[in-house]
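Fold the following for me, if possible:
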Amino acid sequence: MELELRHLRTVRAIAEAGSLTRAATALGLAQPALSAQLKRIERALGGVLFERGRHGVRATPLGELVLERTRVVLPAVTELQREAARFARTPRGPGHLRLGGTHGPLLGALLVRLADAAPDARVTTRTSWSERRLAALLAEGRLDFALAGTCGSAAPPGADGLVWREVAVDPVFVMLPARHPLSDATEIGLGELAGEDWACVPGDGCFGDCFTAACARAGFTPRHLYETDPTALVHLVQAGRAAGLCRATFPATDGVVTRPLTGTPLAWRHLLGWHAGSRHADTAGTVLAEARLAHAGVAARSDSYTRWPAAHRVP
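Below is the predicted model of the structure:
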């Protein structure tokens with residue numbers, strides 16, 4: 001019998017389970033079938049891999065040698081499979097750039113800047129409310145760059161080989177109907193809105209927990225926090241059903257105003273991510289610079305945001 005990777009996985013499963021019975025259950029096999037397979041593997045390797053006893057199995061010196069090799073070989077093969085899949089999914093044409101992003105105006109602004117800078121390049125986009133999903137798409141080679149974000153100083157979405165760089169940090173503003181009694185305020189204390197219901201766009205980070213903690217520091221517990229898409233969020237605010245939580249760069253909309261929260265209790269960090277092994281990794285510096293310029297352009301179109309840096313002495 002010629003040794004295969006599945007045989008090494010079987011040996012590892014037996015060692016991890018500590019008994020043939022438990023290993024058979026984990027592998028979905030009958031114990032006699034696993035015992036027969038182990039004997040064939042042992043014949044192929046030229047010796048006994050496990051000593052059987054009343055309390056399970058224990059690796060022999062030969063078994064320890066094989067297990068030591070599996071700790072190197074199996075992860076290496078797994079990584080090879082991932083790299084091959086990433087390579088196969090990457091378009092070979094030099095002029096194709098695939099961008100991903102969450103909700104908000106930054107992805108569109110970056111797309112415009114890249115199109116102006118390289119009008120002959122083909123740029124495609126993909127959106128998701130999930131930062132983790134975007135990270136997975138980068139790791140799988142389905143995206144070249146992704147605009148994601150984190151609440152405050154939280155760690156960016158994790159995956160092996162990903163690189164994240166900060167584009168900008170936005171304060172989180174509150175969105176109110178234009179007729180709200182506090183709509184003319186320069187900034188609003190979170191506690192002044194204790195009686196409101198709330199709405200925000202979805203995400204899979206810690207924003208909801210951070211908001212609840214900020215409310216607790218302000219002396220109240222929010223009654224409701226609706227997670228919805230940006231269009232529905234604006235509708236809820238316009239109808240007076242909720243106060244919205246939005247990034248300071250949220251575009252102006254009829255019937256609503258955005259205002260800073262006193263003390264900036266919440267912030268959102270915009271990030272650009274890519275895989276270190278991407279064919280476009282050498283252009284990351286250029287894309288990052290364009291993303292920062294795109295953010296500056298979006299911020300400049302928000303009257304409430306342009307007043308905020310001056311009031312808080314932000315350069």
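
Quick one: the strands in the stretch 151-300 of the chain, in order.
With DSSP state E, counting those that start in this stretch as the criterion, the stretch 151-300 of the chain has strands at 162-177, 198-200, 225-227, 243-247, 256-260, 267-275.

so can I have JSON lines of those showing mean pLDDT and mean neighbour count?
C-beta coordinates here come from the backbone N, C-alpha and C atoms, glycine included. Below are those laid out as JSON lines (pLDDT from 0 to 100; neighbours: other C-beta atoms under 10 Å):
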{"stretch": "strand 162-177", "mean pLDDT": "94", "mean neighbour count": "21"}
{"stretch": "strand 198-200", "mean pLDDT": "94", "mean neighbour count": "23"}
{"stretch": "strand 225-227", "mean pLDDT": "92", "mean neighbour count": "15"}
{"stretch": "strand 243-247", "mean pLDDT": "93", "mean neighbour count": "24"}
{"stretch": "strand 256-260", "mean pLDDT": "92", "mean neighbour count": "22"}
{"stretch": "strand 267-275", "mean pLDDT": "93", "mean neighbour count": "22"}
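
in the stretch 201-315 of the chain, which segments are predicted with low confidence?
Residues of the stretch 201-315 of the chain meeting the criterion pLDDT under 70: 309-315.

go again using 90 as the cut-off
202-206, 208, 223, 229-230, 247-254, 276-283, 286, 297-315 (pLDDT under 90).

circling back: redo the strands of the stretch 151-300 of the chain as TSV? Include distance to G100.
Below are the strands of the stretch 151-300 of the chain laid out as TSV (distance: least, C-beta to C-beta, whole Å):
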stretch	distance to G100
strand 162-177	12
strand 198-200	21
strand 225-227	20
strand 243-247	18
strand 256-260	26
strand 267-275	9
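
residues of the host helix or strand of R6 that come out buried?
Assessed by DSSP states H and E, R6 sits inside helix 5-17. Using 16 or more other C-beta atoms under 10 Å as the test for burial, helix 5-17 gives 7-8, 10-15, 17.

In the next helix-or-strand element following that helix, which residues are buried?
If you walk from helix 5-17 toward the C-terminus, the next helix or strand you reach (DSSP H and E) is helix 20-27. Neighbour counts over helix 20-27 (16+ other C-beta under 10 Å) mark 20, 22-24, 27 as buried.

Show me which of the residues you listed is closest to A216.
Each of the buried residues of helix 20-27 was scored against A216 by C-beta to C-beta, and R22 proved nearest at 45.7 Å.

Give me the pLDDT for the closest one.
In this model, R22 is scored at 90, pLDDT.

quick revisit: using CSV, lay out the buried residues of helix 5-17 together with pLDDT.
Formatted as CSV, these follow (pLDDT from 0 to 100):
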residue, pLDDT
H7, 88
L8, 88
T10, 90
V11, 90
R12, 91
A13, 91
I14, 91
A15, 91
A17, 90
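
Turn these into TSV, columns for distance to A300.
As requested, the buried residues of helix 5-17 are exported to TSV (distance: C-beta to C-beta, whole Å):
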residue	distance to A300
H7	62
L8	58
T10	61
V11	62
R12	57
A13	58
I14	63
A15	61
A17	61
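
Which member of these is positioned nearest L49?
Nearest to L49 among those, with distances taken as C-beta to C-beta, is V11, at 6.2 Å.

now the helices for this protein?
In the chain, the helices defined using DSSP state H lie at 5-17, 20-27, 31-45, 61-89, 106-117, 131-139, 207-217, 230-238, 284-300, 303-311.

Let me know which of these is the nearest to L147.
Ranked by C-beta to C-beta, the member of the helices of the chain that lies closest to L147 is helix 106-117, at 5.4 Å.

What residues of the closest one count as buried?
Of the residues in helix 106-117, 106-107, 109-111, 113-114 count as buried by neighbour count, 16+ other C-beta under 10 Å.

And those residues, which two are furthest apart?
Farthest apart among these by C-beta to C-beta are L106 and L114. That separation is 12.4 Å.

returning to what we had before: could you point out which of the strands of the stretch 151-300 of the chain sits nearest G149?
Nearest to G149 among the strands of the stretch 151-300 of the chain is strand 267-275; the distance by C-beta to C-beta comes to 5.2 Å.

and that closest one with strand 243-247, angle?
Put simply, strand 267-275 runs at 50 degrees to strand 243-247, going by axes from the mean of the first three to the mean of the last three C-alpha atoms, to 10 degrees.

packing partners for strand 267-275?
The elements that strand 267-275 packs onto, with contact taken as 3 or more C-beta pairs under 8 Å, 6 or more residues apart in numbering; DSSP states H and E, are helix 131-139, strand 145-151, strand 162-177, helix 284-300.

With distance to D184 added, can I get these in TSV?
Shown next, in TSV, are those (distance: least, C-beta to C-beta, whole Å):
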stretch	distance to D184
helix 131-139	35
strand 145-151	29
strand 162-177	10
helix 284-300	22
